[in-house]
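>>> I'd like to go over a predicted model; first the sequence, then the structure.
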Amino acid sequence: MKFTDGYWHVREGLNVHCPVEIRDVKVEANSIAVYASTKKIIRKGDTLNTPLLTARYSSPLKDILCVELIHHGGKRRKGPDFVLNAPGAAVAITEEEDGIRLASGKLEVWINKKNGWSIDYCYGDKRLTGSGYKGPAFIKKQDGSAFMREQLDLSVGEYVYGLGERFTPFVKNGQSVDLWNEDGGTCSEQAYKNISFYLSNRGYGVFVDHPERVSYEIASENVSKAQFSVPGEQLRYYIIGGETLKDVLGNYTALTGRPALPPAWTFGLWLTTSFTTDYNEETVNSFIDGMISRGVPLHVFHFDCFWMKEFQWCDFKWDTDAFPDPEGMLKRLKSKGLKICVWINSYIAEKSCLFEEGMERGYLVRTRDGDVWQWDRWQAGMGLVDFTNPEAVRWYKEKLRALVEMGVDCFKTDFGERIPTDVVYYDGSDPVKMHNYYTFLYNKAVFEVLEETLGYRQAAVFARSATAGSQQFPVHWGGDCSASYPSMAETLRGGLSLGLCGFGFWSHDISGFESTATPDLYKRWTAFGLLSTHSRLHGSSSYRVPWLFDEEAVEVLSRFTKLKCSLMPYLFAASCEAAACGLPVMRAMVLEFPEDPACAVLDCQYMLGDNLLVAPIFNEEGLSHYYLPQAGGRWTHLLTGESAEGGHWRSERYDYFGLPLWVRPGSMIAIGATDNRPDYDYADHVTLHLFELADGAAAAARICGLDGEEELTVHANRSGDILVIRVETAGGLPAAADAGHTARSPKPWSVIVRGIHGWAQVEGAEITDRPEGILLVPDPAASAVTVRL
């Protein structure tokens, strides 16, 4: 939202009050309050009939500063509010003649008391950003409505990322962004997942603690400022620091919540009925049996909306005309090794058997007149479950629990964006704030019932809408994309932006939701889809089984599904890191290579975990144009074995069975012994592939069990021509000894030193020369392997 007319003028109908000079500072145990006049005070009479702005500074967690800007503090702050982990951190407050400093960890705010309004935020010796002349403001319109604004400095070369799953340009500089959840597809400026957090390549993040509409002007209204504003007379935001961009994300998710770890089976291949297609049990079986007979591993089958009868969404009852024996059908499908997902949302159609029940019990959102709020968009006469009512939450969860007990493993939690603002909630929540926040309560309820029924780390949803904190309830998918290469690229942009807001797990509709892809696009998107954390074939009005495209599509799908399954030891370890540290598994290049300026704007390639670079192909010619960052050695193509120096752009042509998939130098990639399912014993016969380990360097690979707990870690160290590889079991013990120092061995494992074909001596293992490098199979009793190259 813009308030000025160029640099000099204020837009007509607005009064803008900015802090001009600091009149007083009060220091408390762990905070500072600054009182600033909005005009220069020359004589006592100037203190009359003028606003006074208050700025409070505190710290909820180490390396995070909370800033509160207040005009009138007497207004009650109506919920909902984001649920934050903010116990309060120890701070150091030092006052000097010219100013006062509050520090939390290495992050500090410096308040200059003698230079008008001049605030600096620093991390160590580095200035990150600041707030200065004409920055913060209380703004009043002629109709009496008010806004609070802040403007933070942008440095030369500074880029801003994030603000949710946005399909507009990846770098947000130059954009006007309003955070308001909408069902707008992937081809517009609207977004399903609006997150009031942005990340700067200068090494900090900013989280605006307001669930309602937050309006951003990122280097737009003022090209050297990142501006944000909210309705009302109070504004709260957080400056988040860290040693690295990863640390900043970690601190942000420590505040707003870390992602849960999805069960391993969710990483497999999902197939759906599609949306408006005709389907019944016979159709479903033909798809599943067709995948099995063609050798395509399939792990999850999803029933979209029409598993329920038309006009009755949601009543959570199977359409028995299409599925006469749903419980028996689910048992038959699960006997084939499949997990089951069904579509739901939080809307109750008037024809649903649940509508009257929800209306009578007060479980549906009401109008200001006390009636049930209804409209005909999506479902005729639909109402909206009121998740601020604890009894309504219990009622909704019980309907889902019955499905889980029948055999459903997960729910696709669709919608949650079309939330009205002219309504009344059970707990009195502000309906404007609830518009964006509603999805949090909705997905939280669904995630909880899955966890309550299936157990810890066995819950997963497939959600479309989100707000800050929703990363705690994975998985999220990118919404309604189209069957085109531009839509494939915009989908990736959205996913990378969401990842920079602390969302660890993300998916998309392979080959596009709207329309039907060409065989070419289907095969290219398949490679991208199976090199995402979660992989789903789903469409609108046509099916997505590969043989409907061409026979080569079957082979391509099988190839990349098996590749992903074999990479699961590596991917699941990266997922455990996401759950522990708040990092996305699919990472924008800037997050992994912040010091490489070429990576700052890249949005057509990404890192999958720490060490795999993926560059999907976005054209019919099979041409790939991408960048290999400078990484202190030679990259290795995982599929071809080719090696190349970093710091260069590359252009290549690929067939449908390949794409740029490069391993970072000095990496160890764990590859499993199973390629037909994602959930298996990753440590059993795992092979560690060691790539380009330089003299004096070390590498490690962690293997986690299906419960997410570390099972073993393999370390490699090189000194000159000596390579030492050792394994530690859980708890850091060498493989040859447990806590009682009794000799024992881990499950069988091996190492392939890629690109090395000669050796002088080996101890502790059998060694074999293979085309890709030397294979080391450790002796059962060995805790370490030593190789003289």
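Sure thing, it's come through.

>>> the helices in this protein, which residues?
Counting by DSSP state H, the chain has helices at residues 245-256, 281-293, 326-334, 353-361, 390-406, 431-454, 485-499, 519-530, 551-566, 568-581, 589-592.

>>> would you list these in TSV and tack on distance to A694 and mean pLDDT?
C-beta coordinates here come from the backbone N, C-alpha and C atoms, glycine included. TSV is the format used below for those (distance: least, CB to CB, whole Å; pLDDT from 0 to 100):
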stretch	distance to A694	mean pLDDT
helix 245-256	23	98
helix 281-293	44	98
helix 326-334	49	98
helix 353-361	63	98
helix 390-406	51	98
helix 431-454	44	98
helix 485-499	29	98
helix 519-530	30	98
helix 551-566	27	98
helix 568-581	21	98
helix 589-592	18	98
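
>>> got TSV for those helices, with distance to F657 and mean neighbour count too?
Shown next, in TSV, are the helices of the chain (distance: least, CB to CB, whole Å; neighbours: other CB atoms under 10 Å):
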stretch	distance to F657	mean neighbour count
helix 245-256	33	24
helix 281-293	19	15
helix 326-334	30	16
helix 353-361	48	16
helix 390-406	39	16
helix 431-454	36	22
helix 485-499	18	24
helix 519-530	8	24
helix 551-566	6	21
helix 568-581	20	23
helix 589-592	25	24
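
>>> Nearest to C18, out of the ones you listed?
helix 431-454 (25.7 Å; CB to CB).

>>> so what does the closest one touch, helix or strand wise?
Using 3 or more CB pairs under 8 Å, 6 or more residues apart in numbering; DSSP states H and E, the elements in contact with helix 431-454 are helix 390-406, strand 410-413.

>>> Show me the contact partners of the shortest one.
Residues outside strand 410-413 that contact it (CB atoms under 8 Å, 6 or more residues apart in numbering) are 266, 300, 302, 304, 339-346, 400, 403, 442-443, 446, 450, 459-464.

>>> which one is L537 nearest to, not counting chain neighbours?
R544 (3.9 Å; CB to CB, 6 or more residues apart in numbering).

>>> Settle this for me: R457 is touching P263, isn't it.
Yes - taking contacts as CB atoms under 8 Å, R457 lies within contact range of P263: 6.4 Å.

>>> So these two - more neighbours on which side?
P263 (22 against 17; other CB atoms under 10 Å).

>>> Next, that one: phi, psi?
Per-residue torsions, P263: phi -60, psi 150 (degrees, to the nearest 10).

>>> quick one: it from G708, how far?
According to CB to CB, to the nearest Å, P263 and G708 sit 9 Å apart.

>>> what do those two both touch?
R457.

>>> just to revisit the earlier point, might you report the residue contacts of the residue nearest to L537?
L271, T272, S274, I510, S511, L537, H538.

>>> what's the answer for D509, then?
Neighbour list for D509: W477, G478, D480, C481, R536, L537, H538, G539 [criterion: CB under 8 Å, 6+ apart].

>>> how about those residues, which pair is most distant?
D480 and L537 (14.9 Å).

>>> Can you report how many residues lie near the residue lying closest to D427 once chain neighbours are set aside?
Leaving out its chain neighbours, the residue that sits closest to D427 by CB to CB, 6+ apart is T388, at 4.1 Å. Residues near T388, counting by other CB under 10 Å, number 19.

>>> Any idea what T413 is bridged to?
T413 has these beta-bridge partners by DSSP bridges: I344.

>>> can you map out the strands along the stretch 1-150 of the chain?
4-5, 9-10, 14-17, 21-27, 32-37, 52-58, 64-70, 92-95, 99-104, 107-112, 119-123, 126-131, 137-141, 146-153 (DSSP state E, counting those that start in this stretch).

>>> okay if I get the ones you listed as CSV plus mean neighbour count, mean pLDDT and distance to S497?
Shown next, in CSV, are these (neighbours: other CB atoms under 10 Å; pLDDT from 0 to 100; distance: least, CB to CB, whole Å):
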stretch, mean neighbour count, mean pLDDT, distance to S497
strand 4-5, 14, 95, 27
strand 9-10, 11, 95, 32
strand 14-17, 16, 96, 31
strand 21-27, 15, 97, 37
strand 32-37, 19, 98, 34
strand 52-58, 21, 98, 29
strand 64-70, 23, 98, 22
strand 92-95, 13, 97, 35
strand 99-104, 20, 98, 28
strand 107-112, 22, 98, 24
strand 119-123, 21, 98, 23
strand 126-131, 19, 98, 20
strand 137-141, 21, 97, 28
strand 146-153, 22, 98, 19
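
>>> Rebuild these as JSON lines, extending it with distance to L583.
Below are the strands of the stretch 1-150 of the chain laid out as JSON lines (distance: least, CB to CB, whole Å):
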{"stretch": "strand 4-5", "distance to L583": "38"}
{"stretch": "strand 9-10", "distance to L583": "42"}
{"stretch": "strand 14-17", "distance to L583": "40"}
{"stretch": "strand 21-27", "distance to L583": "37"}
{"stretch": "strand 32-37", "distance to L583": "32"}
{"stretch": "strand 52-58", "distance to L583": "27"}
{"stretch": "strand 64-70", "distance to L583": "17"}
{"stretch": "strand 92-95", "distance to L583": "29"}
{"stretch": "strand 99-104", "distance to L583": "22"}
{"stretch": "strand 107-112", "distance to L583": "20"}
{"stretch": "strand 119-123", "distance to L583": "19"}
{"stretch": "strand 126-131", "distance to L583": "21"}
{"stretch": "strand 137-141", "distance to L583": "35"}
{"stretch": "strand 146-153", "distance to L583": "24"}
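
>>> between those, which gets nearest to N201?
Closest approach to N201 among those (CB to CB): strand 126-131, 11.2 Å.

>>> could you say what helices and strands the closest one packs with?
So strand 126-131, by 3+ CB pairs under 8 Å, 6+ apart, packs with strand 119-123, strand 146-153.

>>> how far does stretch 421-433 stretch from start to finish?
8 Å (CA to CA, to the nearest Å).

>>> possible to save the helices and strands packed on strand 126-131 as CSV with distance to N280?
Listed next are these as CSV, based on distance: least, CB to CB, whole Å:
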stretch, distance to N280
strand 119-123, 60
strand 146-153, 54
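
>>> Tell me which of the ones you listed sits nearest to V296.
Once these are compared by CB to CB, strand 119-123 is nearest, at 49.4 Å.

>>> Pairing partners for that closest one, with directions?
strand 107-112 (antiparallel), strand 126-131 (antiparallel).

>>> Need the ones you listed in TSV (columns: distance to A579).
Shown next, in TSV, are the strands paired with strand 119-123 (distance: least, CB to CB, whole Å):
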stretch	distance to A579
strand 107-112	25
strand 126-131	28
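
>>> what's the closest of those to A683?
strand 107-112 (39.6 Å).

>>> now stretch 652-665, how far from the centre of its chain.
Mean-position distance between stretch 652-665 and its chain equals 25 Å (CA atoms, centre = their mean, to the nearest Å).

>>> got the buried residues for that stretch?
The neighbour-count check on stretch 652-665 (16 or more other CB atoms under 10 Å) flags E652, Y654, Y656, G658, L659, P660, L661, W662, V663, R664, P665 as buried.

>>> got JSON lines for the residues you listed, with pLDDT and distance to K44 too?
Output for the buried residues of stretch 652-665, formatted as JSON lines (pLDDT from 0 to 100; distance: CB to CB, whole Å):
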{"residue": "E652", "pLDDT": "97", "distance to K44": "75"}
{"residue": "Y654", "pLDDT": "98", "distance to K44": "77"}
{"residue": "Y656", "pLDDT": "98", "distance to K44": "80"}
{"residue": "G658", "pLDDT": "98", "distance to K44": "78"}
{"residue": "L659", "pLDDT": "98", "distance to K44": "73"}
{"residue": "P660", "pLDDT": "98", "distance to K44": "71"}
{"residue": "L661", "pLDDT": "98", "distance to K44": "72"}
{"residue": "W662", "pLDDT": "98", "distance to K44": "70"}
{"residue": "V663", "pLDDT": "98", "distance to K44": "71"}
{"residue": "R664", "pLDDT": "98", "distance to K44": "66"}
{"residue": "P665", "pLDDT": "98", "distance to K44": "69"}
